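>>> sharing a model that was predicted from the sequence below.
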Amino acid sequence: MPYAPHKHCHQPGHPAYTGKRCPECRREYDRRRGGARERGYGTRWEEESKAFLARPENRLCACGCGQRADVVDHREPHKGDQRLFWDRSNWRPMNHRCHNRKSMGQDRGAWQPGTTSPPVSEFDAKGVRTGGESCAQHPGKWDFLR
């Protein structure tokens, strides 16, 4: 079985690597980003988000998938802004799968330098699920898998 070829990071001095990300760039991003508690997701957040999800109107995912909501999403990413972080009008209930898909759509490439195209998301500006890309929208796209 052949090995994957080494990739080269655009940053000078970073070693060649295999895998998805340059380990040096990833370490630097993690160091700058800080831990969850440093970003505001501490005990107060846990209590407030549980209370938010316990309200009857917040039981189902805001994307419309019909799944039970188990995380609180920030409609507009707060990026460390504590005023926006605690603004309840910026909160909405989501299922963790939908939340991860939405967040990755918004944040894709955030830590990867050189990203020039805007991220593709399955959610519109209001946070309503648009469905994203499917095989029905691109017939024949996945024919090579057959």
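It's in.
>>> poorly predicted segments of this protein, please.
Under the criterion of pLDDT under 70, the regions of the chain flagged as low confidence span 1-2, 106-146.
>>> residue boundaries of the strands in it?
71-74, 91-94 (DSSP state E).
>>> which residues are in contact with the last one?
What it means is strand 91-94. In this structure, residues lying in contact with strand 91-94 by C-beta atoms under 8 Å, 6 or more residues apart in numbering are 49, 52-53, 58-63, 69, 71-75, 102, 127. Every C-beta, even on glycine, is put in place using the N, C-alpha and C of the backbone.
>>> report how many residues lie close to the closest residue to residue 88 other than its chain neighbours.
Spatial nearest neighbour of residue 88, excluding adjacent residues (C-beta to C-beta, 6 or more residues apart in numbering): residue 52 at 7.2 Å. Counted with other C-beta atoms under 10 Å, the neighbours of residue 52 add up to 16.
>>> could you do residue 31 as well?
Each residue near residue 31 was counted by other C-beta under 10 Å, and the total is 8.
>>> separation between it and residue 38?
Using C-beta to C-beta, to the nearest Å, one obtains 11 Å as the distance from residue 31 to residue 38.
>>> likewise for residue 81?
Residue 81 sits 14 Å away from residue 38 when distances are taken as C-beta to C-beta.
>>> higher neighbour count, those two?
Between residue 81 and residue 38, counted using other C-beta under 10 Å, the more crowded position is residue 81 (14 against 10).
>>> middle-most residue in this structure, spatially?
For the chain, residue 103 is the residue whose C-alpha lies nearest the centre (C-alpha atoms, centre = their mean; 2.3 Å).
>>> tell me how far it lies from residue 69.
With distances taken as C-beta to C-beta, residue 103 is found 15 Å from residue 69.
>>> give me the number of residues near residue 64?
The criterion is other C-beta under 10 Å. On that basis, residue 64 has 10 neighbouring residues.
>>> same check on the one 5 residues further on?
In terms of burial, residue 69 registers 22 neighbours under the definition other C-beta under 10 Å.
>>> among the strands of the chain, which is the most enclosed?
Compared across those, strand 91-94 shows the largest average neighbour count, a mean of 22 (mean count of other C-beta atoms under 10 Å).
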